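A.B. asks: sequence first, then the predicted structure:
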Amino acid sequence: MSGLLVKQPGLLSLLHDRGRYGAHNLGLTTGGPLDGLAFDWANRLLGNDVNATCLEISFGGLVIEAERNTSFVITGAIAPCKLNDETIAQWCTQDIKTGDKLEIGFTSAGTRCYLAVSGGFDIAPSFGSSSTVVREKIGGLNGDKLQSSDHLPCSGDSLAAHCFLAEVDRPVYADFARLRVVPGYQQAAFEPLQQWRFFNTEYRLTERCDRMGFRLEGEIVHSNMVGMLSEGICHGAIQIPADGQPIVLMNDRQTIGGYPKIGAVIPRDTAVLSQMTPGTQVRFEAISIEQAHNIHCLEKARFERSSLQPC
Amino acid sequence: MRIEIAGQNAFIVYFAEQTSAAVSAQIQAAVTNILASMQDSIVDLVPSYASLLVIFDLDRSDHFAVKQQLRAALTNLDSVDASAGSLVTLPVYYSAESGPDLEVIAARSNIGIDDVIEIHQQQEYRVYAIGFAPGFAYLGEVDERIAAPRLATPRQKVPRGAVAIADRQTAVYPAVSPGGWNLIGLCPTRMFDPGKNPSMPVQVGDRIRFSAISRDEYIDQGGEL
């Protein structure tokens, strides 16, 4: 099947649908796009199925050549994008023709771009999902990140009409974020003073941030747990090991672990965190489960309400 | 039993402070009940030593509805038979060649290598949890005489099928990986095969026995050295 030919894979480009669910019982993690919002927008702009497979391009550096005519869109982090050496806009559907060259340069604001094509990439699911988890060697093309000369099969035709998302409706990728947290798990094992510290100081992203987890540094926080049994870890869980420095566990986390956790960052905000770079800062904010549900419903309604502009 | 928030779409249920065969059986019964009555809203379940993580779909249900259904699904778990769960026998080629840490474990307790091998086979283990890597099953509990702490420096490369001990847990490595557990033998059974259905020979709650095989039998059953 024809599709796109990878000329330069970039630093870390991975095929993903929304993620692998229902396989934790085998020890398989979720995978899926780190920034689910930018991913969802990419599919919506093309009128794709919500779970269609896209390419997550971390930090940019991708060059591809089209082997067929189709339409595409690039959402997420801001990066210089060129079609046959002409600058093109992001968040805006475009056509690509056989032989055309598409380049996504290095990201300048945010770190994850999403490239979607009409109909999505045709990747056979494994364990119910196309998402690539390199550590598990599962999903995508042979369970690996993109390599030069890989073929990304796709079969969707060019769109009849093009559209874009107005700039005012797009996410902003900043150097500071408030991460909203639903307290839970071993929260009670953190004394009030420890919790106060955790929720009232800034934490800096370290260099050790990847798809498994984001390691932060700042005020040291301790729990009074002495040894605990390994237990299931949900997406966004904030683990605080003996060194007192928090780790926000992301899409490729191990499914079980034995460190105390103070709660979990809501998915909307792990998406924000995933777009940030080492050295930038975050602050955690405790919210109630009702607030978390409100945010989920509001954001969902907003996504559905935001209209696409014709171009 | 305690039900705590894990995240905006997840609960963690704590069944006990410590693990045991009875607790593990309760957790298995809870999994069965939840799968039967809450299938529409549940995305993933992660049973572990003394807890169960319940992840639900926030577009199909909500915290409050799921909590109520969970409470109902978590009743009548005590009548469960702790010996339920399939019995799976895993063959092991125990030797100095396949188990480089046998000698250290024997020396710790002042027993012979043959005793370590014998004691490892005497116990019926339970699959308490699956995680760390696809197909990695945590089995407990190992006899205290052959329990051994993790290596101070983990190995860069543990072979697929390595049978290992860490504290009072034992496991079979499903794939080549780094690892800090003590290696005592090799098992030819694939613990995780993505091309097979089911992809794992065991699941949480199963009972496991190990049974010694010779070098030749190990090779015949597809083992590699």
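C.D. replies: Perfect, thanks for sending it.

A.B. asks: how close does B:Thr89 sit to chain A?
C.D. replies: Counting by CB to the nearest CB, to the nearest Å, the gap from B:Thr89 to chain A is 21 Å. Glycine gets a C-beta too; all of them are placed from N, C-alpha and C.

A.B. asks: surely that residue is in a helix?
C.D. replies: No: using DSSP: H, G, I helix; E, B strand; the rest coil, the secondary structure at B:Thr89 is strand, not a helix.

A.B. asks: which pLDDT value belongs to it?
C.D. replies: pLDDT recorded at B:Thr89 is 98.

A.B. asks: hmm, it is touching B:Ser211, no?
C.D. replies: Yes: with contacts counted by CB atoms under 8 Å, B:Thr89 reaches B:Ser211, the gap being 5.3 Å.

A.B. asks: higher neighbour count, those two?
C.D. replies: B:Thr89 (13 against 10; other CB atoms under 10 Å in any protein chain shown).

A.B. asks: contact residues of chain A facing chain B?
C.D. replies: A:21-28, A:126-127, A:135-136, A:138, A:182-185, A:229-237, A:254-257, A:263-264, A:266-267, A:289, A:292-293, A:296, A:300 (CB under 8 Å from any CB of the partner chain).

A.B. asks: write the ChimeraX selection for whichever of those are buried.
C.D. replies: To isolate the buried members of the residues of chain A next to chain B in ChimeraX, using 16 or more other CB atoms under 10 Å in any protein chain shown:
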select /A:21,22,23,24,25,26,27,28,126,127,135,136,138,182,183,184,185,229,230,231,232,233,234,235,236,237,254,255,256,257,263,264,266,267,289,292,293,296
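
A.B. asks: now, the residues of chain A next to chain B that are in helices?
C.D. replies: A:267, A:289, A:292-293, A:296, A:300 (DSSP state H).

A.B. asks: which residues touch the closest residue to chain B within the stretch 51-200 of chain A?
C.D. replies: Residue nearest to chain B within the stretch 51-200 of chain A: A:Gly184 (3.4 Å; CB to the nearest CB). The neighbours of A:Gly184, taking CB atoms under 8 Å, 6 or more residues apart in numbering or on different chains as the test, are A:261, A:263-264, B:4-7, B:12.

A.B. asks: redo those residues as CSV? Include pLDDT.
C.D. replies: Formatted as CSV, those follow (pLDDT from 0 to 100):
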residue, pLDDT
A:Lys261, 97
A:Gly263, 98
A:Ala264, 98
B:Glu4, 97
B:Ile5, 98
B:Ala6, 98
B:Gly7, 98
B:Ile12, 98
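
A.B. asks: just put those in JSON lines and tack on secondary structure.
C.D. replies: Listed next are the contacts of A:Gly184 as JSON lines, based on three-state DSSP:
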{"residue": "A:Lys261", "secondary structure": "strand"}
{"residue": "A:Gly263", "secondary structure": "strand"}
{"residue": "A:Ala264", "secondary structure": "strand"}
{"residue": "B:Glu4", "secondary structure": "strand"}
{"residue": "B:Ile5", "secondary structure": "strand"}
{"residue": "B:Ala6", "secondary structure": "strand"}
{"residue": "B:Gly7", "secondary structure": "strand"}
{"residue": "B:Ile12", "secondary structure": "strand"}
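
A.B. asks: any chance of the residues you listed in JSON lines, plus distance to B:Trp181?
C.D. replies: Below are the contacts of A:Gly184 laid out as JSON lines (distance: CB to CB, whole Å):
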{"residue": "A:Lys261", "distance to B:Trp181": "24"}
{"residue": "A:Gly263", "distance to B:Trp181": "31"}
{"residue": "A:Ala264", "distance to B:Trp181": "29"}
{"residue": "B:Glu4", "distance to B:Trp181": "30"}
{"residue": "B:Ile5", "distance to B:Trp181": "33"}
{"residue": "B:Ala6", "distance to B:Trp181": "28"}
{"residue": "B:Gly7", "distance to B:Trp181": "30"}
{"residue": "B:Ile12", "distance to B:Trp181": "26"}
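
A.B. asks: out of the residues you listed, which are buried?
C.D. replies: A:261, A:263-264, B:4-7, B:12.

A.B. asks: could you pull out the strands for the stretch 201-311 of chain A?
C.D. replies: Using DSSP state E, counting those that start in this stretch, the strands found in the stretch 201-311 of chain A span residues A:202-209, A:213-217, A:231-232, A:237-239, A:247-249, A:256-257, A:261-265, A:281-286, A:309-310.

A.B. asks: can you redo the ones you listed as TSV with distance to B:Val46?
C.D. replies: Putting the strands of the stretch 201-311 of chain A into TSV (distance: least, CB to CB, whole Å) gives the following:
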stretch	distance to B:Val46
strand A:202-209	24
strand A:213-217	17
strand A:231-232	3
strand A:237-239	12
strand A:247-249	13
strand A:256-257	6
strand A:261-265	13
strand A:281-286	24
strand A:309-310	43
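
A.B. asks: stretch B:141-151 close to chain A?
C.D. replies: No: against chain A, stretch B:141-151 shows no contacts by CB under 8 Å from any CB, the least distance being 12.3 Å.

A.B. asks: chain center to that stretch: distance?
C.D. replies: 15 Å (CA atoms, centre = their mean, to the nearest Å).

A.B. asks: which parts of stretch B:49-64 are buried?
C.D. replies: B:49-56, B:58, B:61-63.

A.B. asks: CA atoms only: put it into CSV for me.
C.D. replies: Extracted C-alpha coordinates of stretch B:49-64, given in CSV (Å, rounded to 0.1, in the frame of the first residue of the first chain):
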residue,chain,number,x,y,z
TYR,B,49,-0.6,-8.1,46.0
ALA,B,50,-3.3,-6.6,48.2
SER,B,51,-5.0,-4.1,46.0
LEU,B,52,-7.0,-3.7,42.8
LEU,B,53,-6.8,-0.6,40.5
VAL,B,54,-10.1,0.0,38.7
ILE,B,55,-9.9,2.4,35.7
PHE,B,56,-13.2,3.5,34.2
ASP,B,57,-14.2,5.5,31.1
LEU,B,58,-15.2,9.0,32.1
ASP,B,59,-17.2,9.4,28.9
ARG,B,60,-19.5,6.5,29.9
SER,B,61,-19.7,6.8,33.7
ASP,B,62,-18.5,9.0,36.6
HIS,B,63,-16.8,8.7,39.9
PHE,B,64,-20.0,8.5,42.0
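
A.B. asks: what about B:Gly223, which SS state?
C.D. replies: coil.

A.B. asks: now swap in B:Ile117 and tell me
C.D. replies: Under three-state DSSP, B:Ile117 comes out as helix.

A.B. asks: now for it: which residues touch it?
C.D. replies: B:Ile117 neighbours (CB under 8 Å, 6+ apart): B:94, B:102, B:184-185, B:212.

A.B. asks: most surrounded residue in the residues you listed?
C.D. replies: For the contacts of B:Ile117, the largest neighbour count, defined by other CB under 10 Å, is 29 neighbours, found at B:Ile184.

A.B. asks: identify each buried residue in the lowest-mean-pLDDT helix or strand in chain B, please.
C.D. replies: Least confident helix or strand of chain B, by mean pLDDT, DSSP states H and E, is strand B:177-179 with a mean of 90. Residues of strand B:177-179 classed as buried by neighbour count (16+ other CB under 10 Å): B:177, B:179.

A.B. asks: so what's the residue count around the nearest residue to B:Ala84 once chain neighbours are set aside?
C.D. replies: Computed as CB to CB, 6 or more residues apart in numbering or on different chains, the closest residue to B:Ala84 that is not its neighbour in sequence is B:Ala25, at 6.1 Å. For B:Ala25, the neighbour count with other CB under 10 Å is 20.
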